[in-house]
Each structure stands twice: as C-alpha cells, then as structure tokens.
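Visitor: Structure of the sequence below:
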Amino acid sequence: MKRLLPIWLILGGLTVASALAAPPPGRTPHIDDTVHLLPPIPGDLDRLEAKLADFESRSGIRLLLEFRERSPSPEEDNVPGAYMRALSAREGTRKNGVLVVYFAGENDWRIWIGDELTARFAGKPGTVKQLTTSGAIHDAKEALLMAAHERSLAGLAELQKALPGDEPPPQDLKLRLQTEALIDALIMKFSAK
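Guide: Alright, predicted model coming up:
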C-alpha cells in the first residue's frame, strides 16, 4: 500500500525549497550588494539590474558588480591583477565579461576586463599581455573611472541642491551615484561602434 504525504508537509517543503532558491537580499544576477552598501531605495536595485540585463542581452557582454566591505588581504593581493583574475574566473567574466568591485574600506573601485574585450576596451589592437605591458588597459580604466567620477560629482551637485541647508548627502547615496555613473560609462564604452 502506498503511503501519501500530508498536504501540509508537501506545501511546507515547497516553501522551504523556494526560500532556498531565492537570492539573498542585495543580490541579483548582475549585482552583489549583500553587504548593503547601497541605499535601500525601493526598486532601485531592480532598476539597475534591468539596465545590466538589457545591456547583456543586446551586447552579449556580462557586466557584474560586487560590493565588499574590505579589500583583499596583502597575501591575496601580492601579485598585481591576480585577485581580480581569480574572482573573475569564479564569476564567469574572465574571457568575455566585465567585473567591477568596490571595496568600501579603502573607497576603491577595481575593474576586470575579460581577455576577449581588452583590445576593444583599450581602443587599440594587441594581446592582453601587450596591452597590459604598454599600460593601455590601465590608462583606459583610469580614463573611464575619471569620467564616471566627474559624472557622479555632477549628480551629487544636483542632489546637494535638493537637500536642506548645507547637509551633505549620505555616503551610501554618493556610492549609488558613483555606481550608476560607472555602469553608464562601461555601457557607453562597449556600445560605441
């Protein structure tokens, strides 16, 4: 004789399974802010996610963002690029993707450009090794970070006008402006023909 499970056990199992499958708060397919550095603006993370998903569907380039409280340890970071290379391999962006990581402790942004995208990103032909040795990738990253920084400062100036008195915007809101400026700069860079 077959034994049937009580309905409450089946439904309870479905609830547990769906809870286990759901990403943790602050994580989407393209953004990992499980340390909650961005401001908790309702729907904002979903809006950024939609922008990144749309870019990936149009370009085939996976652009991921991660927010971390601390930088890698000196042991993890003793070889230039090794930490980001390992992280990008784990995240699946090593060849044809972009990984952007923000380290809050040092207020530091790092960008990994996938091997197949380096010439396009640098705006000149060459292998990854050639473009790294010549400094072309570094220069392109610095220019992109500077353009994003200037754009976020403009957004910050507009925001400052809306705040009462001389009250400075909260740090998480500044980071939010930097994040979107950086996303927009990368999308623009890889959308240019």
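Visitor: going forward, measure contacts and count neighbours with C-alpha atoms only.
Guide: Will do.
Visitor: What score does residue 121 have for pLDDT?
Guide: The confidence metric pLDDT takes the value 96 at residue 121.
Visitor: how near is it to residue 166?
Guide: For residue 121, the distance to residue 166 (Cα to Cα, to the nearest Å) stands at 40 Å.
Visitor: Show me the shaky parts of this protein.
Guide: Low-confidence segments of the chain (pLDDT under 70): 1-23, 193.
Visitor: Now do the strands in it.
Guide: 31-32, 62-68, 97-103, 108-113 (DSSP state E).
Visitor: Summarise which helices and strands the helix ranked longest in the chain is packed against.
Guide: For the chain, the helix with the greatest residue count under DSSP state H is helix 136-162. With contacts taken as 3 or more Cα pairs under 8 Å, 6 or more residues apart in numbering; DSSP states H and E, helix 136-162 sits against helix 118-122, helix 171-191.
Visitor: what angle sits between that helix and helix 171-191?
Guide: 130 degrees (axes from the mean of the first three to the mean of the last three Cα atoms, to 10 degrees).
Visitor: how distant is helix 136-162 from the center of its chain?
Guide: How far helix 136-162 lies from its chain's middle: 16 Å, per Cα atoms, centre = their mean, to the nearest Å.
Visitor: Report the contact partners of the residue nearest the centre of the chain.
Guide: Among the residues of the chain, the one closest to the centroid is residue 65, at 1.1 Å (Cα atoms, centre = their mean). Residue 65 makes contact with 30-32, 99-102 under the criterion Cα atoms under 8 Å, 6 or more residues apart in numbering.
Visitor: got a list of contacts for stretch 66-79?
Guide: Outside stretch 66-79, the residues that reach it (Cα under 8 Å, 6+ apart) are 31-35, 37, 82-83, 99-106.
Visitor: Kindly recompute the last result at 7 Å.
Guide: 31-33, 35, 83, 100-106 (Cα atoms under 7 Å, 6 or more residues apart in numbering).
Visitor: And those, which is closest to residue 128?
Guide: residue 83 (16.6 Å; Cα to Cα).
Visitor: Quick one: residues contacting that closest one.
Guide: Contacts of residue 83 (Cα under 7 Å, 6+ apart): 76-77.
Visitor: can you check residue 152 too?
Guide: Neighbouring residues of residue 152 by Cα under 7 Å, 6+ apart: 177-178, 181.
Visitor: With distance to residue 141 added, can I get those residues in JSON lines?
Guide: What follows is these, written out as JSON lines (distance: Cα to Cα, whole Å):
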{"residue": "177", "distance to residue 141": "18"}
{"residue": "178", "distance to residue 141": "15"}
{"residue": "181", "distance to residue 141": "14"}
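Visitor: now the strands of the chain in CSV, with distance to residue 185?
Guide: Listed next are the strands of the chain as CSV, based on distance: least, Cα to Cα, whole Å:
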stretch, distance to residue 185
strand 31-32, 16
strand 62-68, 12
strand 97-103, 12
strand 108-113, 12
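Visitor: can you tell which of the ones you listed is closest to residue 140?
Guide: strand 108-113 (10.6 Å).
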